[in-house]
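[1] heads up, no residue letters with this:
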């Protein structure tokens, strides 16, 4: 527990790495305002504007930089004090950070030209800003919201991002993605419980299980495109479900229960929710950045070319099937990682996660958030999980409401929440 | 300088909702006992538990004369998802100040919630799940499994049916852990009572809708009793098709409730044997209970799960008023110990709770009436055999529960 | 009692026949899917839900209006077909210009809504529906004990499949339909109201599902999940048969029913996955399906 809280520092460090560039970024923004020629040359105005932007940004960046430092010092005094202080600073400075983000956003929107330079890991300015907001929320929210709920959101968010890699960037609708998610969960759960593996190894094992299953199913499914692909993956997913129902290691309909969270690297106990949360946050961010990196690599460009026009990609000399298969396997492996992480969070791995309904849910999340947007699946996972959570206390209308949202999304809202937002703001998210 | 108003507003709104989203009902005043009913309100177990169970708990609360503390009942739909069940349970315990979680059908969810309760020393009264593991490998000092389990069903349906003349059996079994467990348990009981097993067939679960071939195999085996080791829609389908194929064997269903009989209709369900630990038309007390219950649940007569929820909630409240609210809130095992020390006595159930958390009540073997015998609405059962509570459950000596041995 | 491959012949024949019965449902459902897909290019995920709706409509007709099975066999498909018209006009028709995947997603949502509403209304344990008195009982065929109703199911669905096939392949309406599938603007130019034809096609496909639902009501549990259990298997049948092929869906439907039935004799545990295994093999050998045109 005591050591476990140090993980929080790790998360803070990542947050700082990303958000710490805030103030450098602010000066860059001021520069771009100058360049845009929007403000009619009154130097005083520019200075004021620069101050508005820079001061909160500087504050926020500085605080996030200080996080690991504060955490490290407090850690030697008492874990509780550390948790309290970090929580306190997070909550207090959240408005300031938000202000910083808001003013940056405002300035960006004021830009006349819509050129979106790539500034970091293939993120455009807007995406980078969104990333900062996301990281900030991930860091702050466990002090405000229930951490177990948030961990579930993050696991589903990673799952949805993995799914989105296929549908959003290759144009393949996999309707049986629960198979890889659930299989990852079973594999990680079994490794952690029966073999006593440490959590990071168990999660990696889950990832491997998802990936291996992806190799087999992907090899079969990519023979067909479009709707056929969807139906074949659906059928294969159903087969995986039957397998899990019968296989001796899954515990049938009882599932694998009471999976220990264990000790990270054999050292740090993850028993406390906050420690586990930090690990989940790191896993999610790693997966998220990996997907983003893949999408913006030359490999990702070819995937997009395949999505737009497969015959053309073929005629340009690419073996489209190989590209599709690799993308499929990556997506399945990450889904497996998400499933493995989730099974450690809840200590259970059950048939729910391999069931068709789960495949439907991940489609819903991605669709709701915005197909082919980077942040859409995260937003979708948040909305869908919150909905499931709050509807649970509302009674029996869950499936009906889910279905209605599906219909509404397809009919009127095809771009999803973030897709629509991005369109309104005329940016890419 | 063009500042986009919409953008700013949007951001402000996003910021404002952030802290709000976290606001959920925190722990109430210390004098309030909070009961959480967690069950399936939209899926396959909606009718066997569902909102009728919530109504039953509410009824117990209303009938329990106030002893100086307030009682609040909240409920949620776990949608048969173990992860959602575990998450809601921990949220209820950690943040919402819930003192006991009740019902929780579906074994996988029941076990997950029991794990959550065990880790926090909070009370879990399981009524809806069938798995005997709740008082064996997954047992805990603060977990009580109230009215039935797979062992008791097997013991009553298997053992008592043999006594009633059905001494050779053929099983049609859903090929998964629950079905196999039921078959194994029942087989043991049948053999112990001097019966024999003529054969069995396992069918793939789920997804099998056609049982005709299995039924024909059963018919040709010459056994007197057809044991259906399955549940829910599968049981309904196999019973329907048995009727259609003119199967003349006595059909013993392993897990069936009066609500299922109602769905089947007497025409199809007549002659089935099944085990419940409660029947509304058993005696004056159960009839009185039912009379009070019906206005709260107009479409469902109470089955043993509904009645069990009522009884368990009432018993819990009695124990709370005994040891006091602060003690009850402090420790799940303390309140569980008190519940185990007191006899259960209300209109629905009379019995006790064993130290491993197993509720001890008589198990009744019923046969479904012929349409001509049924005199009114929901008049469905004839009592065949009664197995006393002491005999109906797995003996403590054979239990794999760890904490009672310490 | 003579033996085939170590199994008693009556058992084998019995299973063959029972497989045929299941195949009848597969055929009817995949036929409806094929008709809809051929014309609208939409994979109707709501097909299972509409099948369920057919059964419930039949039950409602009997319980509230006292309309018997035979009338329900005609009325229920009409009612559900009309419901299909409404669905097509209000929702599905908006998707024709979009990627096919959206059709799948929309109908998936529709299935959730319909099934959810049915669960809220009727509960989940299902409702009873009796076998019509004429078809009750069973005959001894010598090699097996055959319930009359089962025989009727095979017969009725075979007739229905034949009628559908005849309409599409042999009549002028069918010819127009096929032409419109190939080139809608051209057919429109000939003065034929293509949008209306599309609507009616959807209604027709849906009515087939409802017809199957009424047939299924007396033997399967009439409950809100009854369609969901079928739909994935039917999808596999459609993939094997070749999407959009009328003949393919009929033949594969019956054929796979038989294969599944035989698996129940030789290896019962495998009978739930055998269709998927067949699907995998077919995909490896003929990716376009047994009767499908290469994409």
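    Everything's here; your move. Keep in mind the model is a prediction, meaning the values are calculated, not measured.

[2] all contacts plus neighbour counts: C-alpha atoms, from now on.
    OK.

[3] Do you have the helices of the stretch 101-250 of chain A handy? List them.
    Remark: helices assigned in the stretch 101-250 of chain A by DSSP state H, counting those that start in this stretch are A:125-140, A:147-169, A:178-194, A:199-221, A:226-246.

[4] What parts of the stretch 201-350 of chain A come near chain B?
    Contact residues (Cα under 8 Å from any Cα of the partner chain) of the stretch 201-350 of chain A with chain B: A:242, A:245-246, A:251-255, A:257-258, A:346, A:348, A:350.

[5] Let me know the closest of those to chain B.
    residue A:254 (4.2 Å; Cα to the nearest Cα).

[6] Run a quick neighbour tally on that closest one.
    Neighbour count of residue A:254, defined by other Cα atoms under 10 Å in any protein chain shown: 25.

[7] what's it in contact with, if anything?
    The neighbours of residue A:254, taking Cα atoms under 8 Å, 6 or more residues apart in numbering or on different chains as the test, are A:350, B:107-109, B:111, B:177.

[8] Can you give me the distance of it to residue A:196?
    For residue A:254, the distance to residue A:196 (Cα to Cα, to the nearest Å) stands at 20 Å.

[9] mind giving me the domain ranges of the chain?
    By default, I'm working from chain A. With domains defined by automatic domain parsing, chain A comprises A:6-141, A:147-425.

[10] could you do chain B instead?
    Domain ranges of chain B: B:32-148+B:284-361, B:151-276+B:363-392, per automatic domain parsing.

[11] Residue B:329: helix or strand, and which one exactly?
    If you go by DSSP states H and E, residue B:329 is part of helix B:325-330.

[12] what does the next helix or strand after that helix contact?
    The C-terminal neighbour of helix B:325-330 among helices and strands, as given by DSSP H and E, is helix B:332-341. When contacts are defined by Cα under 8 Å, 6+ apart, helix B:332-341 is touched by residues B:99, B:121-123, B:141-144, B:315-316, B:319-320, B:323, B:327-328, B:352-355, B:357.

[13] Out of those, which end up buried?
    Buried positions within the contacts of helix B:332-341, assessed by neighbour count (16 or more other Cα atoms under 10 Å in any protein chain shown), are B:99, B:121-123, B:141-144, B:315-316, B:319-320, B:328, B:352-355, B:357.

[14] Out of those residues, which sit inside helices?
    Cross-referencing the buried ones among the contacts of helix B:332-341 against helices under DSSP state H gives B:315-316, B:319-320, B:328.

[15] re earlier: out of the domains of chain A, which gets the lowest mean score?
    Among the domains of chain A, domain A:6-141 has the lowest mean pLDDT, at a mean of 55.

[16] residues from the stretch 51-200 of chain B in reach of chain A?
    Looking at chain A, the residues of the stretch 51-200 of chain B close enough under Cα under 8 Å from any Cα are B:75-84, B:86-88, B:91, B:95, B:107-109, B:111-112, B:115, B:175-178.

[17] Select only the buried ones of the residues you listed in PyMOL?
    Only the buried entries of those go into this PyMOL selection, using 16+ other Cα under 10 Å:
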select buried, chain B and resi 75+76+77+78+79+80+81+82+83+84+86+87+88+91+107+108+109+111+112+115+175+176+177+178
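
[18] Can you name the residues of the stretch 151-300 of chain B sitting close to chain C?
    With the criterion set to Cα under 8 Å from any Cα, the stretch 151-300 of chain B comes near chain C through B:175, B:202-205, B:207-210, B:212-213, B:232-233, B:236-237, B:240-241, B:244-246, B:259-260, B:263-265.

[19] How far away from the center of its chain is the helix holding residue B:329?
    Counting by Cα atoms, centre = their mean, to the nearest Å, helix B:325-330 is centred 26 Å from the centre of its parent chain.

[20] Which elements pack onto it?
    Packed against helix B:325-330 by the contact rule (3 or more Cα pairs under 8 Å, 6 or more residues apart in numbering or on different chains; DSSP states H and E) you find strand B:32-39, helix B:332-341.

[21] give me the low-pLDDT residue ranges for chain B?
    Scanning chain B with the threshold set as pLDDT under 70 gives B:1-30, B:206-207, B:406.

[22] Could you report the distance from the closest residue to residue B:46 other than its chain neighbours to residue B:93?
    Leaving aside its chain neighbours, residue B:46 sits nearest to residue B:40 (5.3 Å; criterion: Cα to Cα, 6 or more residues apart in numbering or on different chains). As judged by Cα to Cα, residue B:40 and residue B:93 stand 19 Å apart.

[23] Same drill for those two, tell me which one is more crowded.
    residue B:40 (29 against 23).

[24] so that one touches residue B:48, yeah?
    No. Residue B:40 lies out of contact with residue B:48 (Cα atoms under 8 Å); the separation is 9.0 Å.

[25] that older thread, single out the most deeply packed of the domains of chain A.
    Among these, the stretch with the highest mean neighbour count (mean count of other Cα atoms under 10 Å in any protein chain shown) is domain A:147-425, at a mean of 23.

[26] can you give me the offset of that domain from its chain's centre?
    10 Å.

[27] and the end-to-end length of it?
    One end of domain A:147-425 to the other measures 32 Å (Cα to Cα).
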